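S.K.: mind looking at a prediction? Sequence and model below.
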Amino acid sequence: MKKDMSDGLERFIQQNREAFDDRVPPGTLWARIEQQLVPLTGWWHSVRVWRAAALLLLGVLGYVFVYSSGSTWHERKEQASIQKEVADLNLFYSGQLAEKVSLIDGLAAEDYESFAQDLQKLEAMYLVLQDELKKRPTQSVKDAIVLNWLVRLDLLNQQIHKMEKAARPKKEAVASEV
């Protein structure tokens, strides 16, 4: 339908081309058009005002960019530092735990089930803390991870102490029989 209309318009223009070309607009027409236009004067339409507004906007955006990105850069640096510290602590404490576990494996265990369950719960908490550290590395998460390591080490030390205490009377009884 649009094509039919445009074809019709083109045909009309072609048929009446001479009628369009024979008229010349009067010389005063442009002067009358200029009088009817709204003058663009005043301070709002000044180029200086627009330049000042652009500079002000550029300054505000620069300020926001510098101070917002500066704080996130500092936060990222601090988070990376915390993650590195936790990695170093993990290396140290995992060595300590491995040493304690090897001592426990060498001794006879009486109430090993309760001890193993407690250790598994602490390991599960540690995994949750590691996930939290990946999402939001903060000093409090780091402190919680260190506390978890310390509690696990203390639990292992208590178990070793119990096992050594239980093994002493047996060794003394064997020694007195000989």
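M.R.: That came through, no problem.
S.K.: the helices in this protein, which residues?
M.R.: Counting by DSSP state H, the segments of the chain that form helices are 2-15, 17-21, 29-36, 47-106, 112-135, 139-177.
S.K.: what residues does the worst-scoring helix or strand of the chain on mean pLDDT touch?
M.R.: Least confident helix or strand of the chain, by mean pLDDT, DSSP states H and E, is helix 17-21 with a mean of 75. Residues from elsewhere that reach helix 17-21 (Cβ atoms under 8 Å, 6 or more residues apart in numbering): residue 13. Any C-beta I mention is one placed from the backbone N, CA and C, and that applies to glycine too.
S.K.: what of stretch 81-96?
M.R.: Contacting residues not belonging to stretch 81-96 are listed as 133, 137-139, 141-142, 145-146, 149, 152-153 [Cβ under 8 Å, 6+ apart].
S.K.: JSON lines for the helices of the chain, including mean neighbour count?
M.R.: Shown next, in JSON lines, are the helices of the chain (neighbours: other Cβ atoms under 10 Å):
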{"stretch": "helix 2-15", "mean neighbour count": "9"}
{"stretch": "helix 17-21", "mean neighbour count": "8"}
{"stretch": "helix 29-36", "mean neighbour count": "9"}
{"stretch": "helix 47-106", "mean neighbour count": "12"}
{"stretch": "helix 112-135", "mean neighbour count": "13"}
{"stretch": "helix 139-177", "mean neighbour count": "14"}
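S.K.: wait, what's in contact with the residue nearest the centre of the chain?
M.R.: In the chain, the residue lying closest to the centroid (Cα atoms, centre = their mean) is residue 135, at 7.3 Å. The contact partners of residue 135, by Cβ under 8 Å, 6+ apart, come to none.
S.K.: least confident of the helices of the chain, on average?
M.R.: For the helices of the chain, the weakest mean pLDDT is recorded on helix 17-21, namely a mean of 75.
S.K.: export that one as PDB, just CAs?
M.R.: Coordinates of each C-alpha in helix 17-21 appear next as PDB, following Å, rounded to 0.1, in the frame of the first residue of the first chain:
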ATOM      1  CA  ARG A  17       6.800  19.300 -12.900                       C
ATOM      2  CA  GLU A  18       6.400  22.300 -15.000                       C
ATOM      3  CA  ALA A  19       3.800  23.800 -12.600                       C
ATOM      4  CA  PHE A  20       6.200  23.400  -9.800                       C
ATOM      5  CA  ASP A  21       9.100  25.000 -11.700                       C
END
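S.K.: quick one: the closest residue to residue 118 other than its chain neighbours from residue 29, how far?
M.R.: Of all residues not flanking residue 118 in the chain, residue 155 sits nearest, at 5.8 Å (Cβ to Cβ, 6 or more residues apart in numbering). Residue 155 is 99 Å from residue 29, where distance means Cβ to Cβ, to the nearest Å.
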